[in-house]
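Participant: sequence first, predicted coordinates after that:
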Amino acid sequence: KTKTKDRTTTLEIPSQASIEDEVEWTLRLSKLSEGTEIDAMEFDFGSSGEFGGLAKTRATQLIKYLPLTTKQLTIKNDKFGKEFMEALVEQVEKSEKLEVFWII
């Protein structure tokens, strides 16, 4: 879930990601990146995690589109390696409001 200043929004990316074509996927990511005033985002990529079904390429794309206004970011059970981590570091460096960052 993504908590915004005035409401909680559930990201529907995991359940849809494996069946969407590239156009749908890119539109979903674009919408995600437009998020504003996001308090916290958490991504669990473990086998039983909410985002565990994402392939390496889509997980990396997801990270590249995270809103730059997120205040707290938690990444759990990263299993994707160097490219994913480089995208994550790049996104954290570009972040405008990140106060708390966890990799668990």
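Facilitator: That came in fine, so what should we check first?
Participant: got the buried residues for the helix or strand where T60 lies?
Facilitator: For T60, the host element (DSSP states H and E) is helix 56-64. Judged by neighbour count using 16 or more other Cβ atoms under 10 Å, the buried positions of helix 56-64 are R58, A59, T60, Q61, L62, I63. C-beta: built from backbone N, CA, C; applies to glycine.
Participant: over to stretch 83-103?
Facilitator: F84, A87, L88, Q91, S95, L98.
Participant: need the helix or strand of the chain with the lowest average pLDDT.
Facilitator: Lowest mean confidence among the helices and strands of the chain (mean pLDDT, DSSP states H and E): strand 8-9, at a mean of 40.
Participant: ranges for the strands of this protein?
Facilitator: All strands of the chain, identified by DSSP state E, fall at 2-4, 8-9, 38-44, 72-76, 100-103.
Participant: can you add distance to L32 and give those strands back as a markdown table?
Facilitator: A markdown table is the format used below for the strands of the chain (distance: least, Cβ to Cβ, whole Å):
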| stretch | distance to L32 |
| --- | --- |
| strand 2-4 | 9 |
| strand 8-9 | 10 |
| strand 38-44 | 9 |
| strand 72-76 | 13 |
| strand 100-103 | 18 |
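Participant: comparing the ones you listed, which yields the minimum mean pLDDT?
Facilitator: Of all these, strand 8-9 carries the lowest average pLDDT, namely a mean of 40.
Participant: quick one on the thing from earlier: okay, the buried residues of stretch 83-103 in a markdown table with pLDDT and distance to G46 next?
Facilitator: As requested, those are exported to a markdown table (pLDDT from 0 to 100; distance: Cβ to Cβ, whole Å):
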| residue | pLDDT | distance to G46 |
| --- | --- | --- |
| F84 | 96 | 14 |
| A87 | 96 | 19 |
| L88 | 96 | 16 |
| Q91 | 93 | 20 |
| S95 | 91 | 24 |
| L98 | 93 | 23 |
